[in-house]
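> below is the structure, and that's it, no one-letter string:
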Ligand code: PMP
């Protein structure tokens with residue numbers, strides 16, 4: 001594996017070495033692993049990526065999720081180019097694409113009666129939490145251990161979760177998370193207990209979940225989990241927030257809400273909501289709740305919850321999202337990508353069984369997991385044990401990620417893959433041949 005990087009990736013190595021001087025850590029955004037060094041990517045096209053040295057890879061990262069149509073999708077790009085020609089990327093003023101985006105989201109997610117575009121998934125979660133507190137007049141928020149809701153102070157990943165014990169919390173004052181409570185993944189008993197405890201702490205404004213389970217289903221939840229969380233929220237008067245940053249338009253045009261048949265009060269969107277263009281995020285939901293974000297046109301200026309962003313709701317991103325959603329519906333992209341995910345997962349599991357490896361492959365549509373550590377993280381109750389296992393898992397994932405890359409496949413952190421509409425049977429079968437070579441070694 002190291003031989004591949006040494007002999008075939010000279011240009012990437014040169015760029016990364018230079019980057020160490022000017023960019024902290026030598027890299028700022030790389031969702032694949034950086035071991036032994038990150039690749040500098042020059043071109044993307046459908047199911048493929050090409051690096052600076054001219055090596056081509058099958059792209060199962062798909063930018064971390066947004067490009068359900070496939071990377072660098074020309075029909076959307078061409079329409080976006082027309083918008084740039086007309087208005088440029090931003091004016092700071094109202095334009096019709098803001099509305100068209102909110103309308104098309106409502107067409108496929110009817111429970112998103114109103115929608116507010118923001119800069120990223122992280123910002124949209126911040127807005128959802130703030131809005132829920134303002135609407136309910138309550139203080140506490142409950143998240144699920146290990147779930148990722150962006151990098152804001154109050155929602156920091158691994159807040160107190162066993163296995164990632166304040167791992168990502170450097171620089172965050174302890175008090176910032178005082179009103180966030182965490183449950184064990186897929187454990188409804190701890191959720192109920194927190195809801196009861198919170199009655200004495202000012203009440204629970206919202207429960208926020210990733211509907212496929214923490215970290216895009218790395219820790220899967222039972223099929224009826226979301227329905228049961230919905231029931232508990234209703235019992236305690238808390239708002240249910242679905243973080244659909246990954247699942248929105250990916251599990252189907254109706255997102256996770258449609259997939260699980262559960263209706264949240266608020267929905268956080270990101271990634272696919274701007275079709276891979278920047279400023280991907282927004283919060284939407286019941287009109288009465290969304291009213292807290294009113295901008296003052298109703299004569300109540302100053303009475304509302306503040307959200308903002310110079311580039312929030314810019315014409316470029318709103319138009320890109322609108323075009324991408326239209327195109328995903330027209331082409332049936334979520335279903336096609338989901339079938340590719342099924343084919344990939346079945347093929348991987350066949351290989352795992354053939355070689356008798358202690359791995360497991362599983363998927364929810366186009367979200368595919370390939371766990372090689374033997375740690376499914378289902379029991380999150382032993383912090384020390386899981387901390388150790390998590391470290392070992394991370395190291396193994398890093399090495400597996402590099403091995404896949406050396407065989408022409410880019411994954412998310414060596415353990416997760418997103419398929420897209422560009423993944424034909426030929427692409428998946430080619431990928432399976434490459435996985436076969438890695439597993440054989
Ligand atoms: N929520 C979930 C479930 C996510 O996967 C992510 C990003 N991976 C976020 C929120 C944060 O979104 P962003 O990166 O756009 O801030």
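Perfect, thanks for sending it. These numbers come from a predicted model, not from an experiment. Residues are numbered from 1 along each chain as shown.
> so what's the residue in the stretch 101-250 of the chain positioned nearest to the ligand up against?
With C-beta to the nearest ligand atom as the measure, residue 121 is the residue of the stretch 101-250 of the chain nearest to the ligand, at 2.2 Å. No exception for glycine: its C-beta is placed from N, CA and C like everyone else's. Residues in contact with residue 121 (C-beta atoms under 8 Å, 6 or more residues apart in numbering) are 149-150, 243, 245, 268-271, 280-281.
> check residue 2 too.
Counting by C-beta under 8 Å, 6+ apart, residue 2 makes contact with 36, 402.
> which bits of this structure sit near the ligand?
Residues of the chain lying near the ligand by C-beta under 6 Å from any ligand atom: 64, 120-122, 125, 148-150, 210, 216, 243, 245-246, 270, 280-281.
> any of those buried? List them.
When the residues of the chain next to the ligand are checked for burial by 16 or more other C-beta atoms under 10 Å, the buried set is 64, 120-122, 125, 148-150, 210, 216, 243, 245-246, 270, 280-281.
> lowest-confidence one in these?
When these are compared by pLDDT, residue 280 scores lowest at 85.
> that one and residue 118 touch, don't they?
No. Here residue 280 does not reach residue 118: they are 9.1 Å apart, not a contact under C-beta atoms under 8 Å.
> which residues do those two both contact?
Overlap of the contact sets of residue 280 and residue 118 (by C-beta under 8 Å, 6+ apart) is empty.
> can you give me the helices in the chain?
Along the chain, the stretches classed as helices by DSSP state H are 2-8, 10-22, 74-87, 96-108, 121-136, 188-198, 214-217, 225-236, 255-260, 287-290, 315-331, 333-355, 383-406, 425-440.
> in a markdown table, list these along with distance to residue 59.
What follows is the helices of the chain, written out as a markdown table (distance: least, C-beta to C-beta, whole Å):
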| stretch | distance to residue 59 |
| --- | --- |
| helix 2-8 | 17 |
| helix 10-22 | 16 |
| helix 74-87 | 16 |
| helix 96-108 | 25 |
| helix 121-136 | 21 |
| helix 188-198 | 37 |
| helix 214-217 | 17 |
| helix 225-236 | 30 |
| helix 255-260 | 23 |
| helix 287-290 | 36 |
| helix 315-331 | 17 |
| helix 333-355 | 12 |
| helix 383-406 | 11 |
| helix 425-440 | 9 |
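> could you tell me the least trusted of these?
Among the helices of the chain, helix 383-406 carries the lowest mean pLDDT, at a mean of 80.
> quick one: work out the angle between that one and helix 425-440.
With axes from the mean of the first three to the mean of the last three C-alpha atoms, to 10 degrees defining the directions, helix 383-406 sits at 120 degrees from helix 425-440.
> helix 383-406 - contacts with which helices or strands?
helix 2-8, helix 425-440 (3 or more C-beta pairs under 8 Å, 6 or more residues apart in numbering; DSSP states H and E).
> now that helix: buried residues?
In helix 383-406, counting by 16+ other C-beta under 10 Å, buried: 386, 389-390, 393, 396-406.
> quick one, domains of the protein?
Following the assignment in automatic domain parsing, the chain carries domains at 2-60+332-440, 74-331.
> which of those domains is buried the deepest?
Comparing the domains of the chain by mean neighbour count (mean count of other C-beta atoms under 10 Å), domain 74-331 comes out on top with a mean of 20.
> among the residues of the chain next to the ligand, which are located in strands?
The strands, defined by DSSP state E, take in 243, 270, 281 from the residues of the chain next to the ligand.
> show me what the last one is bridged to.
Looking back up the chat, that one is residue 281. residue 270 (DSSP bridges).
> now swap in the first one and tell me
Taking DSSP bridges, one obtains residue 268 as the residues bridged to residue 243.
> isn't it right next to residue 129, touching?
No. With contacts defined as C-beta under 8 Å, residue 243 does not count as touching residue 129, sitting 10.8 Å away.
> what do those two both touch?
Residues touching both residue 243 and residue 129 (C-beta under 8 Å, 6+ apart) are residue 208.
> out of the residues of the chain next to the ligand, flag the one nearest to residue 97.
residue 280 (14.5 Å; C-beta to C-beta).
> how near is the closest one to residue 117?
9 Å (C-beta to C-beta, to the nearest Å).
> next one: residue 137
26 Å.
> and residue 148, by the same measure?
Distance, residue 148 to residue 117, using C-beta to C-beta: 21 Å.
> and residue 213, by the same measure?
On the measure of C-beta to C-beta, residue 213 and residue 117 end up 27 Å apart.
> contacting residues for the nearest residue to residue 329 once chain neighbours are set aside?
Closest residue to residue 329 apart from its sequence neighbours, by C-beta to C-beta, 6 or more residues apart in numbering: residue 253 at 5.6 Å. For residue 253, the contact set (C-beta under 8 Å, 6+ apart) comprises 108, 328-329, 334.
> turn those into TSV, columns for distance to residue 175.
Shown next, in TSV, are those (distance: C-beta to C-beta, whole Å):
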residue	distance to residue 175
108	40
328	42
329	45
334	41
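> kindly indicate which of those lies nearest the ligand.
Relative to the ligand, the closest of the contacts of residue 253 is residue 334; by C-beta to the nearest ligand atom it sits at 16.8 Å.
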